[in-house]
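Undergrad: Based on what follows, work out the 3D shape:
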Amino acid sequence: MQAFSVRQLKSNPSTVLRAAEADAMALVTSHQEPTALVVALDRLGLPDTAAVRSGLALSLFQAGSLSVGVAARIAGLPLPRFLEILASLRIPVADGSEAELDDDLAQARRWLGQDA
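TA: Residues are numbered from 1 along each chain as shown. Sure, this is the predicted structure:
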């Protein structure tokens, strides 16, 4: 595993990502103290990487960090299937501003092949 400073991460994030992909993870330090790990999910040897991606996407969507469209992409699922999962878990989709809802509706229509 390679170590990179926050400055290196800011100036050349692709180098850090490549290192994480090569070694499964890369350490990020601030003032020579470990602060974060950049993890290559596909290299961790997890039995079900798809489930990890879905769980991460659901959690980040529920926390309001991602739109429903981006969360579906992270989960690797078509938007209609991701919406079904949200409904089954009783996670509300419409919890944002009107502008966010309009963006999500437009994204859903694009996914469904309809005009926005």
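Undergrad: Let's see the pLDDT reported for the nearest residue to residue 43 once chain neighbours are set aside.
TA: Distances taken as CB to CB, 6 or more residues apart in numbering put residue 24 closest to residue 43, at 3.9 Å, once the chain neighbours are dropped. For every residue, glycine as well, the C-beta is placed using N, CA and C. The per-residue pLDDT reported for residue 24 equals 88.
Undergrad: Surely residue 24 is in contact with residue 40?
TA: Yes. Counting by CB atoms under 8 Å, residue 24 touches residue 40, with 5.4 Å between them.
Undergrad: where are the low-confidence patches of this protein?
TA: Scanning the chain for pLDDT under 70 picks out the ranges 95-97, 114-116.
Undergrad: so where do the helices sit in it?
TA: Using DSSP state H, the helices of the chain run over 6-11, 13-23, 49-62, 68-75, 79-88, 98-112.
Undergrad: Point out the most buried one among those helices.
TA: When you average the neighbours per residue for each of the helices of the chain (mean count of other CB atoms under 10 Å), helix 68-75 leads with a mean of 20.
Undergrad: Need the residues that contact it.
TA: With CB atoms under 8 Å, 6 or more residues apart in numbering as the test, helix 68-75 has contacts from 53-54, 56-58, 60-61, 66, 78-79, 81-83, 86, 93, 104, 107-108, 111.
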